[in-house]
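**Student:** Provided below are the primary sequence and the corresponding predicted coordinates.
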2 protein chains.
Amino acid sequence: MRYFEYKQVLVFRKDLQLSKGKVAAQAGHAAVLAAQEAHIHHRAWWEAWFYEGQRKIAVKVPTEKELHELEEAAEDLGLPHALVVDAGLTEIPEGTVTCLGIGPAPAEIMDRLTGKLQLL
Amino acid sequence: MRYFEYKQVLVFRKDLQLSKGKVAAQAGHAAVLAAQEAHIHHRAWWEAWFYEGQRKIAVKVPTEKELHELEEAAEDLGLPHALVVDAGLTEIPEGTVTCLGIGPAPAEIMDRLTGKLQLL
């Protein structure tokens, strides 16, 4: 199995029952927003990740509370991250926090924060 | 309902039975790769889309054949696009074409190409 030095993790809430279409759009938001944070603040991480193949992993946490805890932990570790708040055009109310993108960042730092989370 | 001037469309294959986690990761790939194409070749579109709220829509086509037809049509229209080929670490064989990201680009051009496709 190929080893990646950098990764991005997309964290979803288990307590929202999103359709595959909604998951896809929210994942796209999280990936683009967190990658843009890396592009601005950690360009070397972004480039290494982008040209390495952009490893992405989707995981889940029980509720919005754990998303915010992860967001704070990412902030404390200096990792690029972006919380996705849905515009509420379909399925869920406007302002619903749907997911959190963290990274790209070095896999060893990412794993400390997200390595034990359940796969989506 | 809010109107968006720019949009990005993520096109999936109906004939692959992907888990939500796989859909999320592939959507992230398509969104980041196509957005990067726009960032390089259509910076004004990218900026307008990014600051407008990054409208994303996930749709589906029957098979890989239609993905390639859309890819060619996007190429002919000069739209930023990226075909996602999975590294095959989980669920599906290496080299499987999973989805296609098109845009960000002006909604009126995107709609001509993708407006009649079924939502994912």
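**Tutor:** Received the coordinates, thanks.
**Student:** For the residue nearest to residue A:64 when sequence neighbours are not counted, give me its contacts.
**Tutor:** Spatially, and ignoring its direct neighbours in sequence, residue A:64 is nearest to residue A:97 (5.2 Å; Cβ to Cβ, 6 or more residues apart in numbering or on different chains). Quick note: C-beta positions are derived from backbone N, CA and C, even for glycine. Counting by Cβ atoms under 8 Å, 6 or more residues apart in numbering or on different chains, residue A:97 makes contact with A:13, A:64, A:67, A:68, A:83, A:84, A:85, A:86.
**Student:** I'd like these as CSV, with distance to residue A:58, neighbour count and pLDDT appended.
**Tutor:** Output for the contacts of residue A:97, formatted as CSV (distance: Cβ to Cβ, whole Å; neighbours: other Cβ atoms under 10 Å in any protein chain shown; pLDDT from 0 to 100):
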residue, distance to residue A:58, neighbour count, pLDDT
A:13, 12, 21, 96
A:64, 17, 16, 97
A:67, 13, 21, 97
A:68, 19, 14, 98
A:83, 16, 21, 98
A:84, 13, 26, 97
A:85, 18, 13, 94
A:86, 17, 21, 86
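**Student:** Next step: the residues you listed restricted to helices.
**Tutor:** Using DSSP state H, A:64, A:67, A:68 are the members of the contacts of residue A:97 that sit in helices.
**Student:** The last one: what's it in contact with?
**Tutor:** Same thing as residue A:68. Residue A:68 neighbours (Cβ under 8 Å, 6+ apart): A:83, A:97.
**Student:** Could you look up the SS state of the spatially most central residue of chain A?
**Tutor:** Centroid check for chain A by Cα atoms, centre = their mean gives residue A:101 as the closest residue, at 1.9 Å. Taking DSSP: H, G, I helix; E, B strand; the rest coil as the rule, one finds residue A:101 in the strand state.
**Student:** cool, the one 4 residues further on as well?
**Tutor:** Of the three states, residue A:105 takes strand according to three-state DSSP.
**Student:** Just grab the bridge partners of it for me.
**Tutor:** For residue A:105, the beta-bridge partners are residue A:7 (DSSP bridges).
**Student:** Settle this for me: it is touching residue A:42, isn't it.
**Tutor:** Yes: in this structure residue A:105 lies within contact range of residue A:42 using Cβ atoms under 8 Å: 7.1 Å.
**Student:** anything in stretch A:107-120 near chain B?
**Tutor:** Yes: where contact is defined by Cβ under 8 Å from any Cβ of the partner chain, part of stretch A:107-120 touches chain B, namely A:119, A:120.
**Student:** Would you mind listing the buried residues in that stretch?
**Tutor:** A:107, A:109, A:110, A:113, A:114, A:117, A:120 (16 or more other Cβ atoms under 10 Å in any protein chain shown).
**Student:** again, but for stretch A:72-88
**Tutor:** So for stretch A:72-88, counting by 16+ other Cβ under 10 Å, buried means A:74, A:79, A:80, A:81, A:82, A:83, A:84, A:86, A:87.
**Student:** and what of stretch A:4-14?
**Tutor:** Neighbour-count burial for stretch A:4-14, counted by 16+ other Cβ under 10 Å, picks out A:4, A:6, A:7, A:8, A:9, A:10, A:11, A:12, A:13.
**Student:** same check, this time on stretch A:58-69
**Tutor:** By 16+ other Cβ under 10 Å, the buried positions in stretch A:58-69 come out as A:58, A:59, A:60, A:61, A:64, A:66, A:67.
**Student:** how about the fifth one, what does it touch?
**Tutor:** If I follow you right, that is residue A:64. A:13, A:15, A:97.
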